Structure formats: structure tokens, C-alpha cells
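**Q** Sequence below, structure please.
(one chain, ligands or ions: 2)
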Amino acid sequence: MLVVMKAQATPEEIRAVCEHIEKLGFRAHPVPGAQRTAIGITGNKGEVDRGNLEELPGVAEVIRVSKPYKLASRDVKQENTVIHFAGTDAAIGGQNLAVIAGPCSIENREQAFAIAEKVAAAGAQFFRGGAYKPRTSPYAFQGLGLEALRIMAEIRDRFGLRIVTEALDSESLELVAEWADVIQIGARNMQNFSLLKKAGKLHKPVLLKRGLSATLEEFLMSAEYVMSEGNYDVILCERGVRTFSDHARNTLDLSIIPAIKRVSHLPILVDPSHATGRRDCVLPMARAAVAGDADGIIVEVHHQPEVALSDGPQSIYPAQFATMMNEIEQIAPVVGRVLPRCIHTVDATR
Ligand code: PEP
Ligand code: MN
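**A** Ligands and ions are numbered 1, 2, ... in the order given. Okay, the predicted model is just below:
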């Protein structure tokens, strides 16, 4: 259910409606919009009795949200969600394209700094790097853990890049929330509902990757798990799905972008690296993602991919990343976007 407040409803009226909902034993989620505030109601098993609600001061109407995902749906919020990062002009979901770049894994300080320097110089605003890695083989490199988080915090200080890294379980979630700017929840964990709920209790944006075979509805229901706990800053990420195709690691499903945008206000990024698994496919698919109205891209970059400890074959070289930035910058205006080039002032004293 959704309570739509009148455009001129006062903050007190909004608060009173929220309190009323909570007294009924449900959870109220006020969602401010450009025209009016809507209040999502969750926690109800069936229909909420709308009678009393409609009588409350400031209420315009009470409507049923027909989609199974509520807070993620455009019924609740018409405007696109834009996620801002305090102290920077970086944002995800607005007119500006967001670019997240970096290695699959943080391997050591030198490697991470060498790559961060290059992606910062090319104008990325976000740095990615795995500290906890979901590897198919238990014998493969599992990530440096806390040491990697510390290295990335240094990278933030030095290059002004916001840090995106994956949490694998409750233990790493706490650490990632403490050290990073965006918590990534990977494809394999898209339906780890207890992890999603825990991430929903935190106050850090969550980058949620699409599961290997998730439908649009399953994907948005996972976002809903995070949002239902009160964390509304969810960024979706299309990273390819399993199909019969064997020319690439996965099949990049770009048509999910307009499909998501139609029903949800959440931003959606594209990961052309995991979607294809092939360096030669990354640039063309990054261009296609921007042309296809993605809110940005997340891409793996490595200065020595031939010796990378994970995902070397899909990691592009820094020079290719710089080319990619130039190319998507040219495509951006066609779809009414801008690629902000963050000129990072490197803090040489550190
Ligand atoms: C990653 O981003 O390094 C990763 C493991 O991605 P995914 O969860 O999409 O496979
Ligand atoms: Mn990877």
C-alpha cells in the first residue's frame, strides 16, 4: 500500500501518518518526491484498512501497489533515485554517468596504487577492487581481506576516488561497511536474503549485481529486501546472465536497462567485464551500455592483466580505459548524459 500525501502536506502531517502506520504494526517508508511525498507501507500480510488512513490530515489518496516490489517501484517514487557521496560531486543515477574502475582483486599495494593512479588520471570517480572474492575454486586467490580494505582507504585519501568493494558474508559486510563507500553484493549472493537484510540495516549504498539467471522481478525483489530494512540507496548492476552462448563468459542483457527504468526508479549500471569475460568485448559493450541508457559502468582494469590473480583475460589495460572514457564521453550527449571528468588533485603529502 502507498499513502500519497497532498503536495502541500506539512512535515508534521507526514510524521503523523508514519506514526499511525507504525502503530498498526507496519513499517512506514516516507519517500519524498519532487511533487509530493509518498509513504510506502510494508510488513502487512494482506490489505491495510485504508479507511482511517484516508481521513488523516494531508493525505491525498491511498493506493495499492500492484507490483510485488514496492519501494523499488516507480509507483512509490516517480523520479529517478540519485545517490550522492558527501564531500564529492560524485553521484550515481543522475544526468552524470558514473564510472567505477579498478582491478578484480586487490593483490598488493603497488598493484592497487598503479591502477588507481591510471583510472583517476582518466577521470573515474570510483575505484573498485575485491578484498573478499567469491571464487569458483576454493584453491583460487580468495582476496587479501582487511589488508585490501586498508589499501583502498589509502587510495581514497590519495586520489579522491570513492571505494566500491564486495561483501561476501556478514563478517565481511561489517568490515566493508566500515571501510568502503559502496557495498557490492555480488551475483552469487543476489538471493542471499539474510545478507541483503543486513545490508538494508546499514547506511551505505549497496551495489547489487544481477544473479546469474535472475529475472527482472527476482532482481528487483532482492533490491526490495535491502530497501525494506530502510536502506533506499540501492544501485542495480547488469553483469550478464547464463545462456547457451559460449563465445563469451555470459550474455550481456542490455534490454534489461529500459525494462528496469520503466518499472523502477533505481539506478542501473552495466559491468561489461564480467558480462563478456573477454578484453576485446569490453569496450564495445561499454559503449553499447551508455547508448542503451545505463547510469554508468563498472569495469575491470589491470596494468598487468597477464599476471593478474583473478579475471586477467577480461581486464582492460589503462590505455584502453582512457580510450573508453573518451568514447563514452562522446556517446553520452546522444542520450542526454554527461561524463564528468573528475580532475583529482593528488595529495602528494600522503
Ligand atoms: C566482481 O565484481 O569482481 C564479481 C565477482 O562480480 P560478479 O558478482 O558479477 O561475478
Ligand atoms: Mn572479477
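**Q** show me the contacts for whichever residue of the chain sits closest to ligand 1.
**A** For the chain, the residue closest to ligand 1 is Gly186, as judged by Cβ to the nearest ligand atom, at 2.9 Å. For the C-beta atoms, the positions are set from N, CA and C on the backbone; glycine is no exception. Neighbouring residues of Gly186 by Cβ atoms under 8 Å, 6 or more residues apart in numbering: 134, 166, 168, 209.
**Q** and ligand 1, which of those reach it?
**A** 134, 209 (Cβ under 6 Å from any ligand atom).
**Q** Pull up the residues of the stretch 251-350 of the chain that are close to ligand 2.
**A** Asp311 (Cβ under 5 Å from the ion).
**Q** in the stretch 251-350 of the chain, which spans are helices?
**A** Using DSSP state H, counting those that start in this stretch, the helices found in the stretch 251-350 of the chain span residues 256-263, 272-276, 279-291, 318-331.
**Q** is ligand 1 contacted by the first one?
**A** Just to be clear, that refers to helix 256-263. No. Shown here: helix 256-263 not in contact with ligand 1 (Cβ under 6 Å from any ligand atom), separated by at least 14.0 Å.
**Q** Quick check: which helices or strands does that helix pack against?
**A** In terms of contacts (3 or more Cβ pairs under 8 Å, 6 or more residues apart in numbering; DSSP states H and E), helix 256-263 is packed against helix 216-228, strand 234-238, strand 268-270.
**Q** and the contacts of Gly186, which are buried?
**A** Among the contacts of Gly186, the ones that count as buried by 16 or more other Cβ atoms under 10 Å are 166, 168, 209.
**Q** The last one reaches Gly240, doesn't it?
**A** Read that as Lys209. No. Between Lys209 and Gly240 there is no contact under Cβ atoms under 8 Å: 9.7 Å.
**Q** Need the residues touching each of these two.
**A** 271, 274.
**Q** can you pull the contacts of Pro340?
**A** 89-90, 96-97, 123, 125.
**Q** at 6 Å instead, please
**A** For Pro340, the contacting residues are Asn96, by Cβ atoms under 6 Å, 6 or more residues apart in numbering.
**Q** Against His265, how distant is it?
**A** Counting by Cβ to Cβ, to the nearest Å, the gap from Pro340 to His265 is 21 Å.
**Q** any idea of the pLDDT on the residue of the chain closest to ligand 1?
**A** Here the pLDDT value assigned to Gly186 is 98.
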